[in-house]
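*Asks:* Everything below, folded, please.
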Amino acid sequence: MELKQAKLLFNDKCDVYRCTEEKSGAVTKNTYSLKYDSVNCKLSFLKSGFDSETNTISTKNQSVRLFLENEPQIESGDVIIVYHMGTTVKYKAASEGKHYITHQETEIDIFDENP
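*Replies:* Numbers count the residues shown, from 1 in each chain. Next up, the predicted model:
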């Protein structure tokens, strides 16, 4: 697949935030700062649903992959806000981006904290 054709599949957008540590005396504070803004991407759900369910607890088992252009350097732990089909969802990169000729891919997990 040519690069131009691959980019046509990227119909979502995302913002990438990177965590940095700020030390003030004995206190260390994690701060998320915007690293990449409005990146073209494609969200893909490999597995979605509940892994196990009881009367009191449901364990969600979801496998999500994000496809991006090669330019942004995604690191494990980056917070990625994805704008997909009118929704906004926060994810955390579970791995560094795996680079190919036309794109990169990274596994992502749902992230609850605000960057």
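*Asks:* wait, isn't Lys98 in contact with Asn70?
*Replies:* No - counting by CB atoms under 8 Å, Lys98 stays clear of Asn70, with 10.5 Å between them. To be clear about C-beta, it is placed using only N, CA and C from the backbone, and glycine gets the same treatment.
*Asks:* Show me the common contact partners of those two, please.
*Replies:* Common contacts of Lys98 and Asn70 (CB atoms under 8 Å, 6 or more residues apart in numbering): Gln104.
*Asks:* Paired strands for the helix or strand containing Leu66, with orientation please.
*Replies:* Counting by DSSP states H and E, the element that carries Leu66 is strand 63-68. Here strand 63-68 is paired, per DSSP bridges, with strand 27-47 (antiparallel), strand 104-110 (antiparallel).
*Asks:* With mean pLDDT, mean neighbour count and distance to Ala93 added, can I get those strands in CSV?
*Replies:* Putting the strands paired with strand 63-68 into CSV (pLDDT from 0 to 100; neighbours: other CB atoms under 10 Å; distance: least, CB to CB, whole Å) gives the following:
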stretch, mean pLDDT, mean neighbour count, distance to Ala93
strand 27-47, 90, 13, 11
strand 104-110, 93, 18, 5
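*Asks:* Tell me which of the ones you listed lies nearest to Lys90.
*Replies:* Among the strands paired with strand 63-68, strand 104-110 comes nearest to Lys90, with 7.2 Å by CB to CB.
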